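A.B. asks: Take a look and give me a structure for this.
(2 chains)
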Amino acid sequence: MNAIVKRSDRFTEADIDSEIVIMRLDSGEFFSLSGTGAEIWRLIDGTRDRAALRLALSDQFLGDESAIPADIEEFLSHLKEMGLLAD
Amino acid sequence: MLMLKIPAQATMERETEVTFGLAPKTLLGEPVPEMSWQMRGDEFLLRGEGHHYFHYRRGHGITVERGPDADASEESLWLNGSVYAAIASINGLLPIHASAVAHEDQVFAFTGPAEAGKSTLVAALADYGLAMFCDDTLVLDLSDPKRIICLPGHKRLKLRADALALTSAIAEEQVSATVGKFYALPAAGEVNLPLPIAELIFLELGPEPSILPIAGGERLVRLQDDHYTANFFASARRFDHLDQFTHLVRLARQIPMARFRRPLDPSCFNEGVALAAQYVITGGQR
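C.D. replies: Here you go, the predicted model:
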């Protein structure tokens, strides 16, 4: 199991309404997550690996469950590109 | 009637007292160019056209040096504009680029870039009994973490001739020889009490008048105003990225926001004003 870990030294975050706004500390650039993206971000708690993420998300996911793995991978790779996840 | 001032009001009254004399020509080593400003610690230096300097130091008020080539008719515009906003910022108050009305002891502020119609809208809302709270600059007192208080406006309403024709505001003298606007009295009067902010409404262009809430992270984005007032506050507070984010998150959480879309076509003006008036009078998003 490879737990997915956030690089919490690189960002700060805040909840505004139902969205999560994340700011990169180095650049000051910020962006918001809503819906499934926000839910995945909340589920990345440093203990879950991809399988555990899928399981936790399938309990809440209202769309096509078969799309979940692809959605998670795409989202995680995006977060990694932004330097927000540990290798 | 005796009205008690909140500390922020007393601070601004004290700190904006003007004396005439010699002002420094730089705060940063290099002479300040015409139409530019410098800020260092609790000092602010602005140079208008020619040798026209405005120097502020916390606890010492404003010193104006008016050289022979200075345009004295512009002086009150500088004092009430950039200088006032910088002093507010140095004293921990947030100036934002907005005009506002008051309703049921709350402030509804309209913001947008220059020429977005902020002043005209506020003047026109007087026809619905809504008193003006401020024109062009709204100063926010953030000292109470639980709520944001607006300081009553310090500027007179200024309108172009075409805006005067659209509203019931009473025209007074021209602002200055170089500014094609007129001072005006709002028909429903002004409110001169500090009041909590109800909502910040962004003026936008659109085909039909509509007012819709702004939610989530977009509120933070909207608060990244590039108006000079925002630069003063960031400079005065010496914010790093984290400070700026924390500041914007607080504002985004505590100030409900909306977008007011309407065409700028004068034939649709009254329809848009009626919608805005109804929105304010019914309490906005409350």
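A.B. asks: Nearest to chain B: which residue in chain A?
C.D. replies: residue A:32 (2.6 Å; Cβ to the nearest Cβ). Just so you know, the C-beta spots here come from the backbone N, C-alpha and C atoms, and that holds for glycine as well.
A.B. asks: Please identify which helix or strand holds that residue.
C.D. replies: Assigned by DSSP states H and E, residue A:32 falls within strand A:30-33.
A.B. asks: I'd like the distance from that strand to the chain centre, please.
C.D. replies: In terms of Cα atoms, centre = their mean, to the nearest Å, the centre of strand A:30-33 is found 11 Å from the chain centre.
A.B. asks: in stretch B:214-231, what counts as buried?
C.D. replies: By 16 or more other Cβ atoms under 10 Å in any protein chain shown, the buried positions in stretch B:214-231 come out as B:214-220, B:222-223, B:225, B:227, B:229-231.
A.B. asks: where does residue B:1 land on pLDDT?
C.D. replies: Residue B:1 is assigned a predicted lDDT (pLDDT) of 52.
A.B. asks: Pull the contacting residues for residue 9.
C.D. replies: Because you didn't say which chain, this covers chain A. residue A:25 (Cβ atoms under 8 Å, 6 or more residues apart in numbering or on different chains).
A.B. asks: think we crossed wires, I meant chain B
C.D. replies: B:151, B:152, B:194.
A.B. asks: From these, list just the buried residues.
C.D. replies: Using 16+ other Cβ under 10 Å, the buried members of these are B:151, B:152, B:194.
A.B. asks: same question for the strand holding residue A:32, mean pLDDT?
C.D. replies: Per-residue scores along strand A:30-33 average to 92.
A.B. asks: buried set for that strand?
C.D. replies: A:30, A:32, A:33.
A.B. asks: C-terminal to that strand, what's the next element?
C.D. replies: With DSSP H and E, the next secondary element past strand A:30-33 is helix A:35-43.
A.B. asks: Could you name the helices and strands sitting against the next helix or strand after that following helix?
C.D. replies: Next in sequence after helix A:35-43, counting helices and strands by DSSP H and E, comes helix A:50-58. Judged by 3 or more Cβ pairs under 8 Å, 6 or more residues apart in numbering or on different chains; DSSP states H and E, the packing partners of helix A:50-58 are helix A:35-43, helix A:68-81.
A.B. asks: any idea which of the ones you listed is most buried?
C.D. replies: helix A:35-43 (a mean of 16; mean count of other Cβ atoms under 10 Å in any protein chain shown).
A.B. asks: so, in contact with chain B or not, it?
C.D. replies: No. Helix A:35-43 is not in contact with chain B by Cβ under 8 Å from any Cβ of the partner chain; minimum separation 9.5 Å.
A.B. asks: And for the closest residue to residue B:275 other than its chain neighbours, the neighbour number?
C.D. replies: Leaving aside its chain neighbours, residue B:275 sits nearest to residue B:209 (4.6 Å; criterion: Cβ to Cβ, 6 or more residues apart in numbering or on different chains). Using other Cβ atoms under 10 Å in any protein chain shown, residue B:209 is surrounded by 18 other residues.
A.B. asks: Next, work out how far apart residue B:209 and chain A are.
C.D. replies: As for residue B:209, its distance to chain A is 25 Å (criterion: Cβ to the nearest Cβ, to the nearest Å).
A.B. asks: ok, that residue touching residue B:279?
C.D. replies: No. In this structure residue B:209 lies outside contact range of residue B:279 using Cβ atoms under 8 Å: 10.0 Å.
A.B. asks: Ramachandran coordinates for residue B:23?
C.D. replies: Residue B:23 adopts backbone torsions of phi -110, psi 150, taken as degrees, to the nearest 10.
A.B. asks: and residue 54, what pLDDT?
C.D. replies: Chain wasn't specified; assuming chain A. Value for residue A:54, per-residue pLDDT: 88.
A.B. asks: Wait, chain B was what I had in mind.
C.D. replies: The model's pLDDT for residue B:54 equals 98.
A.B. asks: Out of the contacts of residue B:9, which comes closest to residue B:52?
C.D. replies: Nearest to residue B:52 among these is residue B:151, at 26.6 Å by Cβ to Cβ.
A.B. asks: Any idea what the closest one is bridged to?
C.D. replies: residue B:139 (DSSP bridges).
A.B. asks: Report how many residues lie close to residue 44.
C.D. replies: Defaulting to chain A. Other residues close to residue A:44 by other Cβ under 10 Å number 18.
A.B. asks: Please refer instead to chain B.
C.D. replies: 26.
A.B. asks: Could you measure from it over to residue B:237?
C.D. replies: Per Cβ to Cβ, to the nearest Å, residue B:44 is found 13 Å from residue B:237.
A.B. asks: now swap in residue B:104 and tell me
C.D. replies: In terms of Cβ to Cβ, residue B:104 sits 32 Å off from residue B:237.
A.B. asks: likewise residue A:38?
C.D. replies: 30 Å.
A.B. asks: in stretch B:41-59, what's buried?
C.D. replies: Buried-residue list, stretch B:41-59, by 16+ other Cβ under 10 Å: B:43, B:44, B:45, B:46, B:47, B:48, B:52, B:53, B:54, B:55, B:56, B:57.
A.B. asks: Am I right that the third one is in a strand?
C.D. replies: Yes. Counting by DSSP: H, G, I helix; E, B strand; the rest coil, residue B:45 is found in a strand.
A.B. asks: For it, give me its contacts.
C.D. replies: Contacts of residue B:45 (Cβ under 8 Å, 6+ apart): B:23-27, B:32, B:37-39, B:53-56.
A.B. asks: and if we set it to 10 Å?
C.D. replies: B:23-28, B:31-32, B:36-39, B:53-57, B:63, B:83, B:86 (Cβ atoms under 10 Å, 6 or more residues apart in numbering or on different chains).
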